[in-house]
Every structure is written in structure tokens, then in C-alpha cells.
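K.L.:
quick check, what structure comes out for this input:
(2 chains)
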Amino acid sequence: MRNLARQPIWISIMLVQPMFWLLLYSQLFRRITDLPGFGTRSYIDYLTPGIAVMTAFFSGTWAGMGTIEDLDRGVVERFLATPVRRSALIAARVLQSAVTAMLQALIILLVGLALGATNGGVDGWVVILLAAGLVAAAFSGISNGIALLTRQEATMIAVANFIGLPLLFFSSILIARRLIPEWMRILSGGNPVEWAVRAARGQALVAAGASHVALYLALLVAFSVATGGFATWAFRAYQRTL
Amino acid sequence: MDAIVVDGLEKTYGRDVRALDGMTFAVPEGQVFGLLGPNGAGKSTTVRILVTLTRPDAGRAEVAGRDVVQEPAAVRRAIGYVPQASGVDREATGRENLLLQGRLQGVPRREVERRTDELLELFGLAEKANALVRTYSGGQKRRLDVAMGLVHRPQVLFLDEPTTGLDPEARAAMWEELARLASVEKLTILLTTHYLEEADRLAERVAIVSRGEVVVAGAPEALKRELRGDAVTVELADADGAAPGIVERLPGVLETIAEGRRLHVRVDRGAEAVPTILAALDGGGVPVAAVTVSRPSLDDVYLHYTGRDFRSDDEGGSR
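P.N.:
Reported below is the predicted structural model:
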């Protein structure tokens, strides 16, 4: 009865940010539609799933910052003195990232819809939301783990940027796969962000076969479990230092 | 049954920081107990062990009849903890913080709202209940902290340095709250502090701790009374090794302790002893800068039992 996987309280201010990003990006890249090889006429159709995944990825990666702040302020310590199950504390953070990302993705999809992208109807939307949620959960696991191990904001920022930017570029978020240089394309195969993008886009654009999508989603789930384990291990390490 | 039992706790950080060195004391149910000591004495470490945040290297501790190492979950259900660092969510309202804390402590959904309202009223936070904690004053935040520790009606409440960092007004207000709390709620309270006045005022019993162990324990008044006489503090122009010797030999002097430039002298009658002491020091060629006379305070109790001045230990020990 004591395992409350309680989510930290939602802040309305945070909802404004993803809206901002989506509108900005979609306007910014509108002109790129003319490049060949996209597999679709509308860049908005192409971009929307990618942006959803990208936003999810970033929100997951930055999740650690919140944890560091909580650690600094004594919030984690306070939680540890309550009967709440230790695992619930990590689960709550990861879950919060996932839900945030899914909500952001939903907003992005709605805005995309307003701009003319249908994204494969209900099926497409479900997959995109799942992909976004999983990416966020997975990277939130890494992020929180690092936060617990280093407890330094500066380190967190450095790591987030170090991991973040390369992963972003080694993916087909912004540009079609066929246009990516060979070597980058191969490396992108191992990029969890790319898995999410392919799953999201696969369903949304061309019914590339459900198995294809399922494969990528399964990979994401496995990856999330692994990072969740990492975060839990990091938490125990932190507890031992108290 | 004692609410808190601490027996020979030891804890070392790293290779050589002995935070606790055989800490032992007991607190009966319903008492307000103070752990008084300078920074670095081991107070916070003791509390963290008692609230199950950390484990001792040796020794035993029990809270509400449960061993803190063997049955941490049971202990957590019975206690409220108000840490030194606030731990409040600043981007949420006071009410939201209390509700969350209540749920985390296992207070049933139906009751948590009612309890929250009750506490907000009790701590004078009802007006600011729906404002973000970010907008609270230092005193209000601290009161919220204490309220959060009480949301589930714990048997034992731990307050780690409850008024450190508050301005004098807020501190006085908090003392009033805590005094009222102690008399009304019938809860066992353990508070740690490095403010002598706070321990004196709030605690029914005090354990003076220094360097990881209890130096002396008892009711503040009793401890002060045990120190017979008045405290005369002589501040010399320069530290002088001969000075204690000169003063010790004077009639009516009970005890002389030198610390740097200060001579702490206990005498039977302070007002009458001052001229004698000053004359003696003058005769011995030791120039005096200032003199004060006072009734013994916990500061003197500390000095008597550890041989060191509380204030200098406090400044030196901050980690």
C-alpha cells in the first residue's frame, strides 16, 4: 500500500515551452521541402513525428537537472525519510518524463494537424506517442542516473550536450535517410533516438509494415529497461553516501 | 517505553572524520529533548541515523520501539522529519506541498485534505496556502517545513536546526509555535541546535554533545544550577600563561579556565570577586581589557564539561 509512484507536481509554465519549439522549428524548416528523397510532399508530414521524438529526447535528457535541484534542496532526503518505496522515487521521475513527453507530443501533433499534417490517423498518433514516451523514459533514466552520481549541474549540462547533439545529428529527424552520408546512416542504426523516429514515421507516413514499427518500439522498451536499471543502481550508490 | 533509544552510535565518514564516537542517550515519550552542540558535534548525523537516512557503523538505535537498521520502514511510518535544508517544492503552493507529503506518508486520501487544512490553520499559513512557496518569507517556509513533518501525526518529530538562518523575529515566532506544539500535541520532539538560548527555552531535557559524544545531559535549569556561583569572564589584553595561576589562588574562586585571551572564572559571588580578581591581575602585571559577570548559562555548562568555549568550537567545527 505504500508504493505510491507519485509524480511531482505539474507546473503550468512548462507547457508553454514545447509549443514554442514546434512552431519555431516548423516555420524555420518550411523551405526545405523542396529537396528530393523525402518520400512525401509535405515537410510538415515528415517533420512532425521527428520533432515529437526530438522534444521527447531533450526533455528526457534534461530530466536530470530537476533531480539535481531536488537533491540540492533536500527534497530527495525528505522523500527518503517517508515510507515510500525507494524504487517508486526513481519510477516517479522516469514516469513524469514519459508523460510530459507524451503530452508535448500530443500538442505537437495537434499543431501539426492545424498546419496540415495528418500523421497517419489514430494509429500513427498512437505510435508517435508511444515512441515519444519511451524515448523520454529511456533518456530520463540515463539523465537521472548521471544526476545521482555526479550531483553537479555543470557536469550534467556537459554530458547532456555531449550526448545530445551527436544523437540528434545521427538521426533522420531533420532530413531523409537517403540523403544522409553512408557512414552516418549506419551509425544511426544504433541510435535509440533514431529507432523512435523510424517507428514514429514508419507508421505515420507509409504503412511500412507493422512488424517494422514493432521492432523499433521493442528495442526502445528494452533500452528503457536498461537505463531504468542504471538509474536505480545510481540511486543506491547515492544512498550509500548519505 | 522510551520513544528514542540511542546506544553507542559510531559513524566515520571517509577515513578519518569521526562524526559519532559512542553517542548514547534516551528520550522518554512525550518529552521535548534537545541535542545541543557546536557545528560538527555530530547532531545532524545522529538525527539522520534516527530517521533512517543513513546507517551507523556501530551501535544501536531505536525509535518508537523499532530498530532503525532492522525495521526502517516501520520507523519511517512513525516519525516526522524536518531537515535542516528545507526540502519544500518552491514551485508549488503550500497546500500542494502538504498534500503531497501527506500522501507520501500514507495518509488516506479522504483524510489528507482535512489534515492539510488543519495544519495550515495551526501554523498561520491559511492565507498563503494557495500561493507558491517561492513567495513565502523565511519564517513561513520554515513553518511549512514543520507542518509537513506533522501531516501524518507521527509519534516522534525530529527537527534539525529548526531556526538556523531565520531572522530574530521569525525565530521568536517559531519558538512560540514549537512550545505550543509540545504542550498540545503530546508528541516526542527531538530538536538539534547550536543556539544555547534555543535549547534553554524549548527543551525539557538537553544533551550537550561535542565531538561525537554526549558530554552531559539533564534539564537546562538543573545543569546551570549544578554550576555553583557566578561566571566572571575576564578579557585580557594579551594571552598570558601566568594569569590563570594568579586567579586560581584567590579565595572564593571555584574554577578557572583559560581560553586564549579569555579567563572564565567561577566564583561564589561575582560582584564581590571582581575587584579582587582585577587587583590580583594588576599586581601580577597582567593588563585587563574587559570584565563581565553573569549567572551561569549553558555556555558555561559546556565550558565546564568540555574545557572549551562553545563559540569557538562552533565556528571551528562547521563542515
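
K.L.:
and stretch A:59-75, what's buried?
P.N.:
By neighbour count on 16 or more other Cβ atoms under 10 Å in any protein chain shown, the buried set for stretch A:59-75 is A:59-68, A:70, A:73-75. C-beta: built from backbone N, CA, C; applies to glycine.

K.L.:
return only those of those residues found close to chain B.
P.N.:
Contacts with chain B within the buried residues of stretch A:59-75, counted by Cβ under 8 Å from any Cβ of the partner chain: A:73-75.

K.L.:
skipping adjacent residues, who's closest to B:Thr164 in space?
P.N.:
The shortest distance from B:Thr164 to any non-neighbouring residue, by Cβ to Cβ, 6 or more residues apart in numbering or on different chains, is to B:Gln84 (6.6 Å).

K.L.:
count of residues packed around the one you found?
P.N.:
By the criterion of other Cβ atoms under 10 Å in any protein chain shown, B:Gln84 has 18 neighbours.

K.L.:
contacts only, for it.
P.N.:
Listed by Cβ atoms under 8 Å, 6 or more residues apart in numbering or on different chains, the contact set of B:Gln84 reads A:74, B:44, B:160-161, B:164.

K.L.:
make a markdown table out of the residues you listed and add distance to B:Pro251, pLDDT and secondary structure.
P.N.:
Converted to a markdown table, these look like this (distance: Cβ to Cβ, whole Å; pLDDT from 0 to 100; DSSP: H, G, I helix; E, B strand; the rest coil):
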| residue | distance to B:Pro251 | pLDDT | secondary structure |
| --- | --- | --- | --- |
| A:Gly74 | 55 | 81 | coil |
| B:Ser44 | 45 | 89 | helix |
| B:Asp160 | 46 | 92 | strand |
| B:Glu161 | 43 | 90 | coil |
| B:Thr164 | 43 | 85 | coil |
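
K.L.:
among those residues, name the buried ones.
P.N.:
Looks like the contacts of B:Gln84 have A:74, B:44, B:160-161 buried, using 16+ other Cβ under 10 Å.

K.L.:
is the helix or strand containing A:Leu148 in proximity to chain B?
P.N.:
Here A:Leu148, judged by DSSP states H and E, is contained in helix A:121-150. No - under the criterion of Cβ under 8 Å from any Cβ, chain B is not reached by helix A:121-150; the shortest gap measures 15.1 Å.

K.L.:
give me the mean pLDDT for that helix.
P.N.:
For helix A:121-150, mean pLDDT rounds to 83.

K.L.:
that one packs against which elements?
P.N.:
Judged by 3 or more Cβ pairs under 8 Å, 6 or more residues apart in numbering or on different chains; DSSP states H and E, helix A:121-150 is in contact with helix A:43-61, helix A:63-73, helix A:86-114, helix A:153-169, helix A:192-204, helix A:210-240.

K.L.:
and those helices, which one's lowest on average pLDDT?
P.N.:
Minimum mean pLDDT among the helices and strands packed on helix A:121-150: helix A:192-204, a mean of 69.

K.L.:
I figured B:Gly212 hits B:Gly22, correct?
P.N.:
Yes - the criterion here is Cβ atoms under 8 Å, and B:Gly212 meets it with B:Gly22 at 7.3 Å.

K.L.:
mind pulling up the pLDDT for residue 22?
P.N.:
This is for chain A. A:Leu22 carries a pLDDT value of 56.

K.L.:
you answered for a different chain; I wanted chain B.
P.N.:
90.

K.L.:
over the helix or strand harbouring B:Ser183, what's the mean pLDDT, rounded is fine.
P.N.:
Assignment of secondary structure by DSSP H and E places B:Ser183 within helix B:168-185. For helix B:168-185, mean pLDDT rounds to 83.

K.L.:
now that helix, how far from the chain's geometric center?
P.N.:
14 Å (Cα atoms, centre = their mean, to the nearest Å).

K.L.:
what of stretch B:236-247?
P.N.:
33 Å.

K.L.:
what do you get for stretch B:244-255?
P.N.:
The answer for stretch B:244-255 is 32 Å, by Cα atoms, centre = their mean.

K.L.:
now it: buried residues?
P.N.:
B:246-247, B:250, B:253, B:255.

K.L.:
need the contact partners of it.
P.N.:
Stretch B:244-255 is contacted by residues B:228-229, B:234, B:256-258, B:263-269, B:272-273, B:276-277, B:280-281, B:283-284, B:286, B:304 when judged by Cβ under 8 Å, 6+ apart.

K.L.:
one more time with 10 Å
P.N.:
B:227-232, B:234, B:240, B:256-258, B:263-270, B:272-273, B:276-277, B:279-286, B:300, B:303-304 (Cβ atoms under 10 Å, 6 or more residues apart in numbering or on different chains).

K.L.:
can you report how many residues lie near residue 127?
P.N.:
No chain in the question, so chain A it is. Neighbours around A:Val127, by other Cβ under 10 Å: 25.

K.L.:
ah, no, chain B please
P.N.:
If you count neighbours by other Cβ under 10 Å, B:Glu127 ends up with 10.

K.L.:
Three-state assignment for it, please.
P.N.:
coil (DSSP: H, G, I helix; E, B strand; the rest coil).

K.L.:
follow-up on the earlier one: assumed the residue nearest to B:Thr164 was part of a strand.
P.N.:
No - according to three-state DSSP, B:Gln84 belongs to no strand; its state is coil.

K.L.:
need the phi and psi values for it.
P.N.:
Note on B:Gln84: its backbone torsions stand at phi -70, psi -40 [degrees, to the nearest 10].

K.L.:
for it, give me the pLDDT.
P.N.:
So, for B:Gln84, pLDDT stands at 87.

K.L.:
does B:Leu35 touch B:Leu190 like I think?
P.N.:
Yes - in this structure, B:Leu35 is within contact of B:Leu190 by Cβ atoms under 10 Å, at 6.8 Å.

K.L.:
give the residues shared as contacts by these two.
P.N.:
Common neighbours of B:Leu35 and B:Leu190 (Cβ under 10 Å, 6+ apart) are B:6, B:25, B:27, B:43, B:46-47, B:158, B:160, B:203, B:207.

K.L.:
count of residues packed around B:Val214?
P.N.:
For B:Val214, using other Cβ under 10 Å, the count is 20.

K.L.:
err, B:Gly59, not the other one
P.N.:
B:Gly59: 17 neighbours (other Cβ under 10 Å).

K.L.:
in terms of neighbours, single out the busier of B:Gly212 and B:Gly22.
P.N.:
Just comparing B:Gly212 and B:Gly22: by other Cβ under 10 Å the higher neighbour count belongs to B:Gly212, 23 against 14.
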